[in-house]
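Novice: Okay, sequence plus prediction incoming.
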Amino acid sequence: MEPRETVAAVGSAEAPPVHAKSRARLVDREARPRTLVKVGSATVGAGLCVIAGPCSVESEEQVLETARAVKRAGADMLRGGAFKPRTSPYDFQGLGLEGLRLLAAAGRETGLPVVTEVMDPRDVSWVAEHADLLQIGARNMQNFTLLKEVGRCPRPVLLKRGMQATLDEWLLCAEYILAEGNPNVILCERGIRTFERYTRNTLDLSAAAAVLERSHLPVIVDPTHGTGRASLVLPMSLAAVAAGAHGLMIEVHRRPAEALSDAEQALTPEQFGTLMERVRGLAAFMGAGAAEREGGR
Ligand code: PEP
Ligand code: MN
């Protein structure tokens, strides 16, 4: 007897085969053509979409100055946390509603769509009034109540990979959102916990490439949390683009040393400008390669 038959035999006669592919059937690559997620003026899933901004919204001047700088450098979307999932309860927790208002205002002023994290299912509907894209953070990837709530919300969702999550667990969390009726999910690889402590996390670029094989959903990479070191953000951004990622999420602060959260990993606006030039150049080169390959078929 096949192991699968054993599972069916103990369930009902109609029990579906239990394997990962059938369980994540809505996110499966074969379920539908590649999903393009529209977020205001930006599209994720074709070309390269760069999301940039501070780890946390700290003040009106800070978020506005940063928004203007990343817009000038060519970013497609503005990020900024108003609810921060901090390891210590004594660390800066974010400005909450005031932070959301400041982020939305900076988005309007620069014309950039905004993304922010929502941590509590009870906050989803009103956070969605201030954000174009709702972020589910790594620590909440398997908060199933939260996943169901954003699944019923009309906003697109950025689902970060949990730091202890396998690829299948991550895809099944996206499945929760799609199963509730929201098809607009972007996956974000942000590094996983390994024995290595030099970097904050181990950026698993093979998982980003694997998502392209396994799912029609777009995948972006966050080399900022993935490495925890500003000096490693540029090389890993280039590597992510080379691996086929549809976008990047990068933390930028006008004065990184003064950041209220994640100071060690933020880029200055100047460093971000250099990064944009380099990744756009590589994306153009990759795009030309893809067109040649298409033409050669
Ligand atoms: C963030 O992007 O603000 C964040 C907290 O990231 P992560 O959930 O990946 O740790
Ligand atoms: Mn951060």
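Specialist: In hand now; what should we look at? Ligands and ions are numbered 1, 2, ... in the order given.
Novice: Torsion angles phi and psi at the nearest residue to residue 40 once chain neighbours are set aside?
Specialist: Closest residue to residue 40 apart from its sequence neighbours, by Cβ to Cβ, 6 or more residues apart in numbering: residue 113 at 3.2 Å. Just so you know, the C-beta spots here come from the backbone N, C-alpha and C atoms, and that holds for glycine as well. Here the main-chain torsion angles of residue 113 (degrees, to the nearest 10) amount to phi -60, psi 150.
Novice: State the distance from residue 113 to ligand 1.
Specialist: According to Cβ to the nearest ligand atom, to the nearest Å, residue 113 stands 16 Å off from ligand 1.
Novice: I'd say that residue and residue 133 touch.
Specialist: Yes. Judged on Cβ atoms under 8 Å, residue 113 makes contact with residue 133 at a distance of 6.6 Å.
Novice: Show me which of those two is the more surrounded one.
Specialist: Per other Cβ atoms under 10 Å, whichever of residue 113 and residue 133 has more neighbours is residue 133, with 23 against 20.
Novice: For that one, give me the backbone phi and psi.
Specialist: Main-chain torsions, residue 133, degrees, to the nearest 10: phi -140, psi 130.
Novice: these two touch, right, it and residue 159?
Specialist: No. Using Cβ under 8 Å, residue 133 is not in contact with residue 159, being 10.8 Å away.
Novice: which neighbours do those two share?
Specialist: Residues touching both residue 133 and residue 159 (Cβ atoms under 8 Å, 6 or more residues apart in numbering) are residue 186.
Novice: ok, residue 262 - contacts?
Specialist: Going by Cβ under 8 Å, 6+ apart, residue 262 touches 55, 56, 224, 225, 228, 251.
Novice: Quick check: buried residues in the helix or strand encompassing the third one?
Specialist: Secondary-structure assignment from DSSP states H and E places residue 224 in helix 223-227. Within helix 223-227, the residues scored as buried using 16 or more other Cβ atoms under 10 Å are 223, 224, 225, 226, 227.
Novice: Equivalent analysis for stretch 227-247, please.
Specialist: Within stretch 227-247, the residues scored as buried using 16+ other Cβ under 10 Å are 227-228, 230, 232-234, 236-241, 243-247.
Novice: do stretch 270-281 as well
Specialist: 271, 272, 273, 275, 276, 279.
Novice: and the fifth one, what element?
Specialist: In the assignment (DSSP H and E), residue 276 maps to helix 269-296.
Novice: nearest to ligand 1, of the buried residues of helix 223-227?
Specialist: residue 225 (4.4 Å; Cβ to the nearest ligand atom).
Novice: Just give the nearest non-adjacent residue to the closest one, would you?
Specialist: With sequence-adjacent residues excluded and distances taken as Cβ to Cβ, 6+ apart, residue 225 is closest to residue 190, at 4.6 Å.
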